[in-house]
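> predicted coordinates and the sequence they were generated for:
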Amino acid sequence: MTKKAPGRSHRTGITVVELFKLFPDDAAAERWFEEQRWPGGERHCPDCGSCNTVAVKSRKPMPYRCRDCRAHFSVKKGTVMQGSKLGLQKWAIAIYMMTTGLKGTSSMRIYRDVGIRQATAWFLMQRIRECFAEGGDKVLFPGPVEADETYVGGKRKNMSNAKRKALAEAGAGRGTVGKTAVVGVKDRKTRQVRARVVESTDKPTLQGFVRDNAEPGATLYTDEHGSYAGMPEYDHEAVNHSVSEYVRGMAHTNGMEAHWSLFKRGYHGTFHKLSAKHLQRYTDEFAGRNNIRDMDTLDQMAAMARRFDGRRLTYEDLIADNGLPSGARPTR
């Protein structure tokens, strides 16, 4: 493993050379995925949960059999990888690229570096993004907590003439018109981030999001947005950006704004366009990557692989009702 850099980082990284030594082929990758899903070799059946399983002589494509329900299975079954024809080495490489690319990784990059079709790369990455999202019961942040919102969407000057004309005919103004709102909170103590795409930035929406993620009694820092006013269960302080007040003692939202800045750099520099339909997965990716950022690279990859179990995303579900004609190429 790459040594830790004194004075620069407390993490241990992995070079590309080391990555291919760890995963020289699909068999090595399969062993690694099995270690993450079944720690200590306690293999269990994805169908009935029984540990009474056995390896079969004909290993492919289902190398194990449950003696109780008699179902055959592999490490992919019952995970986000189920149904994928890609080798497990390619899955491991994609996880590495997505966990180490702080500004995101485009499907064109995966397509070129991994050697698969761009559409296949896009689907692969959306499945991995599904696992960046938190699962199960969430622990409320004890605070201090910063809450802030941002808007994602293209600039009017970069839109096609037809789209600009349609907005003008609809009487839509500038600013946030045509953009999608995303609200987020960051716990200063743990530096954990949670974010959600929302349809509105009104009081019920923003206050509901804060209450879903911060403990009552926590110190809450926001800007002057009126929707945050009126939460007596929090020790609430706000800075007034409209009069150029960005920091007042401990009151500021700089941590959350730094997260949005990184997200926007990924949006403009890596993806170039994010549809509202898929925006939550990209939002989860950036928040999830932030939340495991202090881990060593191999531990980051293992944390992602352990989230695969119990999650599914079919291509039909992914593209359903997206307004694209049949066979249309997904955006990056």
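Ah, there it is. The structure displayed is predicted, hence computed values, not measured ones. Numbering: from 1, shown residues only.
> quick check, central residue of this structure?
Most central in the chain under CA atoms, centre = their mean is residue 285, positioned 1.7 Å from the mean C-alpha point.
> is that one in contact with residue 127, as I believe?
No: with the criterion set as CB atoms under 8 Å, residue 285 and residue 127 do not qualify as a contacting pair; they are 11.7 Å apart. Bear in mind the C-beta positions are built from the backbone N, C-alpha and C, glycine included.
> and residue 220, that one's in a strand?
Yes: when DSSP: H, G, I helix; E, B strand; the rest coil is applied, residue 220 is found to be in a strand.
> nearest spatial neighbour of it, chain-adjacent residues omitted?
If you skip the residues right next to it in sequence, residue 220 has residue 234 as its closest partner in space, 4.1 Å away by CB to CB, 6 or more residues apart in numbering.
> so the residue nearest to the centre of the chain sits in a helix?
Yes: secondary structure of residue 285 (three-state DSSP): part of a helix.
> any idea how far it is from residue 34?
25 Å (CB to CB, to the nearest Å).
> how near is the closest residue to residue 200 other than its chain neighbours to residue 297?
Here the nearest residue to residue 200 in space, its sequence neighbours aside, is residue 181; by CB to CB, 6+ apart that works out to 7.1 Å. Shown here: residue 181 relative to residue 297, a distance of 33 Å by CB to CB.
> I figured residue 298 hits residue 11, correct?
No: between residue 298 and residue 11 no contact is recorded; they are 10.3 Å apart, counting by CB under 8 Å.
> more neighbours: these two, which one.
Neighbours of residue 298 and residue 11, each counted by other CB atoms under 10 Å, are more numerous for residue 298; the result is 18 against 15.
> got phi/psi on the closest residue in space to that one that isn't next to it in sequence?
Among residues not flanking residue 298 along the chain, residue 14 sits closest, at 6.1 Å (CB to CB, 6+ apart). Backbone dihedrals for residue 14, given as degrees, to the nearest 10, come out at phi -130, psi 130.
> cool, residue 213 as well?
Listed backbone geometry of residue 213 is phi -130, psi -10, with angles given as degrees, to the nearest 10.
> the stretch 1-150 of the chain: helices as residue ranges?
16-22, 26-37, 88-100, 107-110, 118-130 (DSSP state H, counting those that start in this stretch).
> again with the stretch 151-300 of the chain
Using DSSP H, counting those that start in this stretch, the helices found in the stretch 151-300 of the chain span residues 161-169, 203-213, 254-266, 279-291, 297-306.
> with residue 54 as the reference, name the closest of those.
Closest of those to residue 54 is helix 297-306, at 23.7 Å (criterion: CB to CB).
> any idea of the mean pLDDT in that closest one?
Throughout helix 297-306, pLDDT has a mean value of 95.
> residue numbering should commence at 288 henceforth.
From this message on, residue numbering opens at 288, which makes the last subject helix 584-593.
> let me know the angle separating it from helix 375-387.
Interaxial angle, helix 584-593 versus helix 375-387 (axes from the mean of the first three to the mean of the last three CA atoms, to 10 degrees): 110 degrees.
> buried stuff in helix 584-593?
Taking 16 or more other CB atoms under 10 Å as the neighbour-count basis, helix 584-593 is seen to contain the buried residues 584-585, 587-592.
> got any residues that touch both of residue 572 and residue 414?
When contacts are counted by CB atoms under 8 Å, 6 or more residues apart in numbering, residue 572 and residue 414 are jointly contacted by no residue.
> strands of the stretch 338-487 of the chain, start to end?
When secondary structure is read from DSSP state E, counting those that start in this stretch, the stretch 338-487 of the chain shows strands at 340-342, 351-353, 359-360, 432-439, 467-474, 480-485.
> let's have those in a markdown table, adding mean pLDDT and mean neighbour count.
As requested, these are arranged in a markdown table below (pLDDT from 0 to 100; neighbours: other CB atoms under 10 Å):
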| stretch | mean pLDDT | mean neighbour count |
| --- | --- | --- |
| strand 340-342 | 93 | 12 |
| strand 351-353 | 94 | 19 |
| strand 359-360 | 94 | 18 |
| strand 432-439 | 94 | 22 |
| strand 467-474 | 95 | 23 |
| strand 480-485 | 95 | 22 |
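> dump these into TSV; add distance to residue 561 as well.
Compiled in TSV, the strands of the stretch 338-487 of the chain are given as follows (distance: least, CB to CB, whole Å):
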stretch	distance to residue 561
strand 340-342	42
strand 351-353	39
strand 359-360	36
strand 432-439	6
strand 467-474	8
strand 480-485	10
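> so which of those is nearest residue 408?
Here strand 432-439 is closest among the strands of the stretch 338-487 of the chain (CB to CB), at 22.2 Å.
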